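**Student:** Any chance you could fold what I've pasted below:
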Amino acid sequence: MDNFTALALGYLLGSVPFGLILTRLFDAGDLRQIGSGNIGATNVLRTGRKGLAAGTLLLDAGKGFLAIWLAWRWFPVGAPLAALGAVLGHCFPVWLGFKGGKGVATTLGVAFGLAWPIGLAYALTWLVMLALTRISSLSGMTAALAAPLAAAVLGRADLVPVLLAIAALVIVLHRANIARLRAGTEPRVGQKG
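**Tutor:** Numbers count the residues shown, from 1 in each chain. Below is the predicted model:
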């Protein structure tokens, strides 16, 4: 029962659509009608409001971290499932007809919540790839793959399965981005449309 409760807790926290809330609160339009239609920070950036994008990134990471923080205290055995739940909630929020974001920032938060060195590996991979390529999708997918690898290297084999599942989800949700990467048409951060 604790595992199910942890998964549900993660899902409910993860499903809070901060990108949509912030863009509506600050009159930046309906995020679902802009760019990719996703509710994550990269799409918020397409509104031209960098502060809102940064706020979305921090809040989306924060809800992932909070899900794990609470799970460690209330349902410690279920904490990895709370991680999965938070990312699922962000990607498939019930309140928005199961159309959310791609889970990159929320995965950052759950990685830090599960074990800070894994979170650090995730964040550094994300930042280095973004600095080298200026391609948000490639950076996010690479970071998602770095998390289970970091868990394995750090001797946290117990976290590898859930981090692999999350990485697979993040990559599947980036299918269109992968197609554009192959075609050489994936936009770079800061590139004018």
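**Student:** Need the residues that contact stretch 121-131.
**Tutor:** 104, 107-108, 111-112, 135-136, 138-140, 142-144, 146-147, 149-150, 189 (C-beta atoms under 8 Å, 6 or more residues apart in numbering). Every C-beta, even on glycine, is put in place using the N, C-alpha and C of the backbone.
**Student:** L127 sits in which helix or strand?
**Tutor:** helix 116-133 (DSSP states H and E).
**Student:** And the next helix or strand past that helix?
**Tutor:** helix 136-153.
**Student:** tell me the angle that following helix makes with helix 116-133.
**Tutor:** On the basis of axes from the mean of the first three to the mean of the last three C-alpha atoms, to 10 degrees, helix 136-153 is oriented at 150 degrees to helix 116-133.
**Student:** other SSEs contacting the helix or strand just after helix 136-153?
**Tutor:** Where DSSP H and E defines the elements, the next helix or strand beyond helix 136-153 is helix 160-173. Applying 3 or more C-beta pairs under 8 Å, 6 or more residues apart in numbering; DSSP states H and E, one finds that helix 160-173 makes contact with helix 79-91, helix 104-114, helix 136-153.
**Student:** With mean pLDDT and mean neighbour count as added columns, please give those helices in CSV.
**Tutor:** Listed next are the helices and strands packed on helix 160-173 as CSV, based on pLDDT from 0 to 100; neighbours: other C-beta atoms under 10 Å:
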stretch, mean pLDDT, mean neighbour count
helix 79-91, 97, 28
helix 104-114, 97, 29
helix 136-153, 97, 22
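**Student:** and G55, which of these is closest to it?
**Tutor:** Taking C-beta to C-beta, helix 104-114 is the member of the helices and strands packed on helix 160-173 nearest to G55, at 10.9 Å.
**Student:** returning to what we had before: output the helices and strands packed on helix 160-173 as CSV; include the columns distance to L22.
**Tutor:** Converted to CSV, the helices and strands packed on helix 160-173 look like this (distance: least, C-beta to C-beta, whole Å):
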stretch, distance to L22
helix 79-91, 14
helix 104-114, 13
helix 136-153, 18
